[in-house]
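In: coords below, sequence missing:
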């Protein structure tokens with residue numbers, strides 16, 4: 001996710017992608033739970049100031065989508081875990097940079 005004036009749009013596009021993936025389960029209880037978790041975590045995604053490459057994120061999303069469409073459940077799960085841990089690391093880096101004062105507080 002790049003850190004620029006398009007951050008809000010990038011966050012929304014990212015959410016749309018992930019919602020399409022988990023929405024395909026057609027399980028309303030699971031979808032409601034994941035939507036609620038996403039709502040709670042969204043504020044942290046918006047804090048990301050240590051930018052990941054938009055090309056890298058798009059490549060991760062393409063690989064995940066390919067695994068889902070090909071019915072490769074284990075590979076899709078592995079890719080999703082890797083993607084989530086990477087996002088978590090970016091959030092942590094951004095929070096540490098803010099705490100150190102190297103990034104202005106919003």
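Out: Structure received. Every value quoted in this text rests on a predicted model; they were computed, and no experiment measured them.

In: which helix in this protein runs the most residues?
Out: Criterion DSSP state H: the longest helix present in the chain is helix 73-99.

In: For residue 91, which residues are in contact?
Out: 44, 45, 47, 48 (Cβ atoms under 8 Å, 6 or more residues apart in numbering). C-beta here means a position set from N, CA and C on the backbone, and glycine is covered the same way.

In: again, only this time at 7 Å
Out: 44, 47, 48 (Cβ atoms under 7 Å, 6 or more residues apart in numbering).

In: Derive a PyMOL selection command for the buried subset of those residues.
Out: Buried residues within the contacts of residue 91, by 16 or more other Cβ atoms under 10 Å, are selected in PyMOL with:
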select buried, resi 48
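
In: List the buried residues of stretch 89-97.
Out: Buried, per 16+ other Cβ under 10 Å, within stretch 89-97: 90, 91, 94, 95.

In: quick one, helices of this structure?
Out: Counting by DSSP H, the helices of the chain are 7-23, 28-45, 54-69, 73-99.

In: Now that we have those helices, can you turn them into CSV and tack on mean pLDDT?
Out: Shown next, in CSV, are the helices of the chain (pLDDT from 0 to 100):
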stretch, mean pLDDT
helix 7-23, 85
helix 28-45, 90
helix 54-69, 91
helix 73-99, 90
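
In: Report the contact partners of residue 35.
Out: Taking Cβ under 7 Å, 6+ apart as the definition, residue 35 has no contacts.

In: let me redo that: residue 82
Out: Going by Cβ under 7 Å, 6+ apart, residue 82 touches no other residue.

In: Check the gap between it and residue 21 for me.
Out: 14 Å (Cβ to Cβ, to the nearest Å).
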